[in-house]
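[1] here's my sequence, what's the structure:
(3 chains)
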Amino acid sequence: MNISAELIGWYEANKRDLPWRNTTDAYIIWLSEIILQQTRVEQGLPYFERFADKYPTVSHFAAAPEDDILRLWQGLGYYSRGRNMLKTAQLVQQHYNGVFPTAYEQLIKLKGIGEYTAAAISSFSANEARAVVDGNVYRVLARYFGIDEPINSPKGKKLFQQLANEVLDHERPAQHNQAMMEFGAMLCKPKNPACGICPIRLGCVAFKTNATTSLPVKLKTVKVRKRYFNYLLITEGDKVLLNKRGETDIWANMYDLPLIETDGTVEPHKLFELPDVQQIYGNGIAIRNIEPEIKHVLTHQQLFIRFIVLNGQPEKLQPGWFYTKVDNLNKLAMPKRIFIFIKDFFNF
DNA sequence: AACGCGGGGGA
DNA sequence: TCCCCAGCGTT
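    All right, here's what the predicted structure looks like:
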């Protein structure tokens, strides 16, 4: 018995009774599918009830003012779904005479309907043999077949769609799709999957190799953080004030200059009015020169670096700060941009 | 190919 | 906190 037959069997015995499962009305199914995009069933359910109640047909929906749609959508998030629904409802009213299409090739052209939703509506409303691939399906397939290709890479998306197509029960596409998703949501969950009662665990690669926690693989979206570094050049005779960096941040244990990091909203000439800065540097300090800002790009940080040359010395040396002779700078590991600035400044 | 778009729930 | 949720449109 293949995975699909097993899961359909499990589904029929364990499925939740959800209102959109009791109809083949493409409009109602569309309504539910849009609401459920990136949204848990429990969260979307009351919204579905309110929409289906207020707008029983696509003609009702198409006649609604956008304000009403968005008001009813309030609190559900991703509000472009609501706006796109209205456009689509109006188009269906005009071009399809108020009859919601059920064919994948027609659905995919509508605003707010992508591959997943087109496959869902066409299979649920007309038993068209289209395999859905949503977050649940990615997870079930990745675990069962032990695939570590990232699900959000272009290659991975293509691979999982193909695999979903191969697994699809062409005789029962609607049941198959429902089963895959219900199984992923109820049993093959992201965390703590219920492998103990899983009907397909004996064929599951992730179960057999104890890899459920590491599958599916998802590429991290490297979030780039913007940081604003004001580096201070402070000298005393032939010495310059340096800082040895800590363990945790970028450039760990390397050397740089005394640093004032801000959120980017502080004008450089006002830095020394900040209370905590004032406390360290006191009043015997004056700005001699402010260099133009340099953008320094790291893998997950963008640094906006500004060098400020000062006259005078700070009142309190902070941990890690020390004066050293300019001759000594070549021996210390420093971030390149900082080294270059100091080198140019002292012309060595 | 990468990013913005929301709010909620679970670990 | 971070991750994920019946994804899609834009750039």
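
[2] okay, now A:Val205: neighbour count?
    15 (other C-beta atoms under 10 Å). Backbone N, C-alpha and C define where each C-beta goes, glycine included.

[3] assess the claim that it and A:Leu141 are in contact.
    No. At 10.5 Å, A:Val205 does not count as touching A:Leu141 under the criterion of C-beta atoms under 8 Å.

[4] secondary structure element for A:Asn243?
    A:Asn243 belongs to strand A:239-244 when assigned by DSSP states H and E.

[5] and that strand, what does it pack onto?
    strand A:255-256, strand A:321-325 (3 or more C-beta pairs under 8 Å, 6 or more residues apart in numbering; DSSP states H and E).

[6] so what are the sheet partners of the longest one and their directions?
    The pairing partners recorded for strand A:321-325 under DSSP bridges are strand A:239-244 (antiparallel).

[7] tell me the buried residues in the strand it pairs with?
    Buried residues in strand A:239-244, counted by 16 or more other C-beta atoms under 10 Å: A:Val240, A:Leu241, A:Leu242, A:Asn243.

[8] out of those, who's near DNA strand C?
    With C-beta under 7 Å from any atom of the strand as the criterion, the buried residues of strand A:239-244 include none near DNA strand C.

[9] end to end, how far does stretch A:60-67 reach?
    14 Å (C-alpha to C-alpha, to the nearest Å).

[10] quick one: it to chain centroid distance?
    31 Å (C-alpha atoms, centre = their mean, to the nearest Å).

[11] next: stretch A:131-150.
    Centroid separation for stretch A:131-150 versus its chain: 18 Å, with C-alpha atoms, centre = their mean.

[12] now the end-to-end length of it.
    Using C-alpha to C-alpha, the end-to-end distance of stretch A:131-150 comes out at 19 Å.

[13] could the helices and strands packed on strand A:239-244 go into JSON lines alongside distance to DNA strand B and mean neighbour count?
    Formatted as JSON lines, those follow (distance: least, C-beta to the nearest atom of the strand, whole Å; neighbours: other C-beta atoms under 10 Å):
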{"stretch": "strand A:255-256", "distance to DNA strand B": "27", "mean neighbour count": "20"}
{"stretch": "strand A:321-325", "distance to DNA strand B": "36", "mean neighbour count": "14"}
